[in-house]
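*Asks:* Turn this into a structure:
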Amino acid sequence: MVKDDARLVDACWHTCFHDGDIAKVQSFLDQGVDINARAPCSGAAPLDSAIFGGHMDLVRYLIERGADITGEGYSDNTPLMAAANQNNPEAVELLLTEGADPNLASSVTGETALHASTAHAYADGMINCVRLLLAAGANPNVQAKSGVATDRYYRDTRLVGETPLHLAAAFGNEAMIRCLLDAGADASIRDAPGDSARTWFSRHRRNVPHIVVAREVGSLLAPDDGDS
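*Replies:* Next up is the predicted model:
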């Protein structure tokens, strides 16, 4: 079935990005092809492909047919991390409803779905994914592993033990920062080099609409005795 498994993965990619032909996927599954077959290079499973393509009908269908919602696939992400990364609150909510663990971290990077969301704090509407994850019990204080390579930022970089709050602060996203703090995020947690979320805000802050907003966000992340 190895050859057919590969054909299923290819069919799902094509379905997601082109013709939306769920019947093609159904045909493979009805023949006994592994629903969790993974692409040799990327590691993406059919469910990952459906999420990346934003094809919610296919996402629902694959889950109904028993697709694994916990396994690590493309870039060592879980399906929930993939949905958060794609800024797809509908997929995030569906996966959570189906029992996906919001605190399940990548075994490679230590990142959770909350990291995936806050890493794209600049994206319109991403806070909706953050709110869904927090409402489901996501821990805002989980730190990623340090020294591990990641492609989260569309460039080669390495994680430094950051929390979701570090990431939201780096983008100066006031609403997301408030949301995380209200959920219990600890602004005093430091990454591996010893930097707090406030330092990330000061160092990486992008353009914000008004300087007043920037100052207000900075005050939310007041330094402790170790910050300069």
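*Asks:* need the strands for this structure, in chain order.
*Replies:* Using DSSP state E, the strands found in the chain span residues 146-150, 157-160.
*Asks:* possible to save those strands as JSON lines with mean neighbour count and mean pLDDT?
*Replies:* From N, CA and C alone the C-beta is placed, and that goes for glycine too. Shown next, in JSON lines, are the strands of the chain (neighbours: other CB atoms under 10 Å; pLDDT from 0 to 100):
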{"stretch": "strand 146-150", "mean neighbour count": "14", "mean pLDDT": "85"}
{"stretch": "strand 157-160", "mean neighbour count": "16", "mean pLDDT": "86"}
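*Asks:* now those strands as JSON lines including distance to Glu64?
*Replies:* Shown next, in JSON lines, are those (distance: least, CB to CB, whole Å):
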{"stretch": "strand 146-150", "distance to Glu64": "32"}
{"stretch": "strand 157-160", "distance to Glu64": "35"}
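*Asks:* okay, now the residue lying closest to Ser107 once chain neighbours are set aside: neighbour count?
*Replies:* Sequence neighbours aside, Glu72 is the residue nearest to Ser107 in space, at 6.5 Å (criterion: CB to CB, 6 or more residues apart in numbering). Applying other CB atoms under 10 Å, we find 21 residues neighbouring Glu72.
*Asks:* OK, contacts around Glu72?
*Replies:* By CB atoms under 8 Å, 6 or more residues apart in numbering, the residues touching Glu72 are Gly43, Thr78, Ser106, Ser107, Val108.
*Asks:* Is it correct that the fourth one is in contact with Asp76?
*Replies:* This points to Ser107. Yes - the pair Ser107 and Asp76 qualifies as a contact (CB atoms under 8 Å) at a distance of 7.0 Å.
*Asks:* And these two? Which one has more around it.
*Replies:* Neighbours per residue, other CB under 10 Å: of Ser107 and Asp76, the larger number sits with Asp76, 16 against 10.
*Asks:* I'd like to know how far the more buried one sits from Glu64.
*Replies:* 26 Å (CB to CB, to the nearest Å).
*Asks:* what do you get for Asn87?
*Replies:* 24 Å.
*Asks:* When these two are compared, which one has more neighbours?
*Replies:* Asn87 (19 against 9).
*Asks:* That one touches Gly125, doesn't it?
*Replies:* Yes - counting by CB under 8 Å, Asn87 touches Gly125, with 6.3 Å between them.
*Asks:* Tally up the residues packed near Arg178, please.
*Replies:* Arg178 has 16 nearby residues by other CB under 10 Å.
*Asks:* Could I get the pLDDT score of Lys24?
*Replies:* Note on Lys24: pLDDT of 81.
*Asks:* Please apply the same query to Gly172.
*Replies:* 83.
*Asks:* Check the one 10 residues further on too.
*Replies:* If you check Asp182, the pLDDT there is 90.
*Asks:* Now do stretch 132-146: distance from first to last residue.
*Replies:* One end of stretch 132-146 sits 27 Å from the other (CA to CA, to the nearest Å).
*Asks:* what about that stretch, distance to the chain center?
*Replies:* On the basis of CA atoms, centre = their mean, to the nearest Å, stretch 132-146 sits 11 Å off its chain's mean C-alpha point.
*Asks:* Tell me the buried residues in that stretch?
*Replies:* Leu132, Leu133, Leu134, Ala136, Ala138, Asn139, Pro140, Val142, Gln143, Ala144, Lys145 (16 or more other CB atoms under 10 Å).
*Asks:* Which of those residues fall in helices?
*Replies:* Leu132, Leu133, Leu134 (DSSP state H).
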